[in-house]
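Asker: pasting a predicted model and its sequence here:
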Amino acid sequence: MSFDGDSVSRYYSAMSGPLRALVRTYPSALVAYSGGVDSALLAVVVRQELGRDRMVAAVGRSASYPTAQWAAARAVAQRFDVPLVELDTHELEDPDYLANPTNRCFFCKTELWRQLVPEARVRGMAVVCDGTNADDLREHRPGYAAGQAAGVRSPLAEAGLTKADVRHAARELGLPVWDAPAAPCLSSRVAYGIPITSQRLAQVERAEAYLRELGVTGDLRVRHQGDRGGARIEVEPRWIAWVTERLPAVRERLVALGFAAVDVDRRGYRRGSLLGERAERA
């Protein structure tokens, strides 16, 4: 068995892990695939263990899914010969999701599984699985409950793989996204309680794409604070001074995108910062 960019030695170096042993027990599987390192590793391992005819990777597409991530997801799937299907999801038609409560992800994942589980059944896939890892189970993950309710398996978490384990295994296999920063959906940038709209998601996507074009790498978030609150830029500490120096030009560009104001968070990027702010105000 050979794959473009993958060597036999790298394949067998990861083969003894608990993830592969677990996947081999699946008759067939549909993998919920976003192109991030977690779902990419899972999709490639499932492809290697079950073969092309017994698996498929499924991407849920909507305005909350960045175009750049879709391009990266397709590239990985093509390189490792992972069968790929694209399905439209309609979470932006759900008023509970649009209200943007702290459990917004539950409604998003409910819609995702509403599309993916029937797709798996039509294709005769016995297992539906996602890229939840062991670290995720210790964080605020309301979407995980939706997966449990739908009967979705989480092989990475079941096998005990942490995020660090996932990145190590992905690097061993030659996955180009092994060190890619986390890329949750665009709605995660909108402050809780501020309604989700396709316009706000597009503002965030274009603002982050602009900062990437300038050269910013690593973790990056443009937090949407609403029409009056504007945008708050979070970058890794090494980029704070760099972006701040260029703030006049950055502010001009983001205001042109529709943000009322633009500032750089001097504390830098923080996971779950919007949730923390919500708790502080409560």
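Answerer: Structure received.
Asker: contacts and neighbour counts: CA atoms only from here.
Answerer: OK.
Asker: for the closest residue to Val262 other than its chain neighbours, phi and psi?
Answerer: Setting aside the residues directly before and after it, Val262 is nearest to Ala231 in space (Cα to Cα, 6 or more residues apart in numbering), at 4.8 Å. Backbone torsions of Ala231, given as degrees, to the nearest 10, read phi -120, psi 140.
Asker: wait, Ala231 sits on Arg221?
Answerer: No - in this structure, Ala231 is not within contact of Arg221 by Cα atoms under 8 Å, at 9.7 Å.
Asker: more neighbours: those two, which one.
Answerer: Neighbour comparison, Ala231 and Arg221: the larger count goes to Ala231, with 29 against 24 (by other Cα atoms under 10 Å).
Asker: who's in contact with that one?
Answerer: Val222, Arg223, His224, Gln225, Phe259, Ala260, Ala261, Val262, Asp263 (Cα atoms under 8 Å, 6 or more residues apart in numbering).
Asker: cool, and Val243?
Answerer: Contacts of Val243 by Cα under 8 Å, 6+ apart are Val250, Val264.
Asker: mind checking which of the contacts of Ala231 are buried?
Answerer: Among the contacts of Ala231, those classed as buried by 16 or more other Cα atoms under 10 Å are Val222, Arg223, His224, Gln225, Phe259, Ala260, Ala261, Val262, Asp263.
Asker: the fourth one and Ala202, how far apart?
Answerer: Distance from Gln225 to Ala202, counting by Cα to Cα, to the nearest Å: 14 Å.
Asker: next one: the fifth one
Answerer: Phe259 is 11 Å from Ala202, where distance means Cα to Cα.
Asker: need the contacts of Ala231 in CSV (columns: distance to Lys163, pLDDT and secondary structure).
Answerer: Output for the contacts of Ala231, formatted as CSV (distance: Cα to Cα, whole Å; pLDDT from 0 to 100; DSSP: H, G, I helix; E, B strand; the rest coil):
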residue, distance to Lys163, pLDDT, secondary structure
Val222, 23, 97, strand
Arg223, 24, 97, strand
His224, 27, 97, strand
Gln225, 29, 95, coil
Phe259, 34, 96, coil
Ala260, 36, 94, coil
Ala261, 35, 95, coil
Val262, 32, 97, strand
Asp263, 30, 96, strand
